[in-house]
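**Q** pasting a predicted model and its sequence here:
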Amino acid sequence: MKLLFSILFLACGLAARAVTFEWDASPDQWVTGYRLYTHTNSMAAGTNLATAIVKIDAGTNLTATVTNLAPGRYYFVATAYTADNLESPPSNEIILSVPVQPPNLRTVVVQWSGLVASTNWQDAVFFKFRIP
């Protein structure tokens, strides 16, 4: 089964160590779901799928989030599957390095309001400061 399949890196939060992926729906009418695989080794050729450290069955959803990623390098691929559990070859591979968080890092959310006495505050920008 050959499917056109792409995966798009959406977001990675350092503090949450989470990454969310989104992919295009397969044009194959027999596809009934999708799986996202995570490994610490390359899975580009379809190897290591069985030993993936994270395997998410996304069902018919076109997104999946992997959480609690420790610092290190990760490889991500997605596959489509049929009701008979036939699985497509893996999508293009996304490689992500999760950095080690520096010590004493604090998160500060800067907010603003156009009115002096307003209680309608909105997030303006996301900053990170190192506080000694």
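**A** Cool, got the structure.

**Q** tell me where this protein has strands.
**A** 7-13, 18-23, 31-39, 54-59, 63-66, 72-82, 94-98, 105-112, 122-130 (DSSP state E).

**Q** mean pLDDT lowest for which of those?
**A** With a mean of 44, strand 7-13 has the lowest mean pLDDT of these.

**Q** what's the burial count for the closest residue to Tyr37 other than its chain neighbours?
**A** In this structure, Tyr37 finds its nearest non-sequential neighbour in Ala52, 4.1 Å apart by C-beta to C-beta, 6 or more residues apart in numbering. In short, each C-beta sits where N, CA and C put it, glycine included. Neighbourhood size, Ala52 [other C-beta atoms under 10 Å]: 19.

**Q** OK, contacts around Ala52?
**A** For Ala52, the contact set (C-beta atoms under 8 Å, 6 or more residues apart in numbering) comprises 37-39, 43.

**Q** swap in 7 Å and give it another go.
**A** Residues in contact with Ala52, defined by C-beta atoms under 7 Å, 6 or more residues apart in numbering, are 37-39.

**Q** does Arg17 touch Ser97 like I think?
**A** No: using C-beta atoms under 7 Å, Arg17 is not in contact with Ser97, being 11.8 Å away.

**Q** out of the two, which sits in the busier spot?
**A** Arg17 (16 against 9).

**Q** for the residue lying closest to the more buried one once chain neighbours are set aside, give me phi and psi.
**A** Of all residues not flanking Arg17 in the chain, Leu69 sits nearest, at 4.3 Å (C-beta to C-beta, 6+ apart). Phi and psi for Leu69, reported as degrees, to the nearest 10, are phi -80, psi 120.
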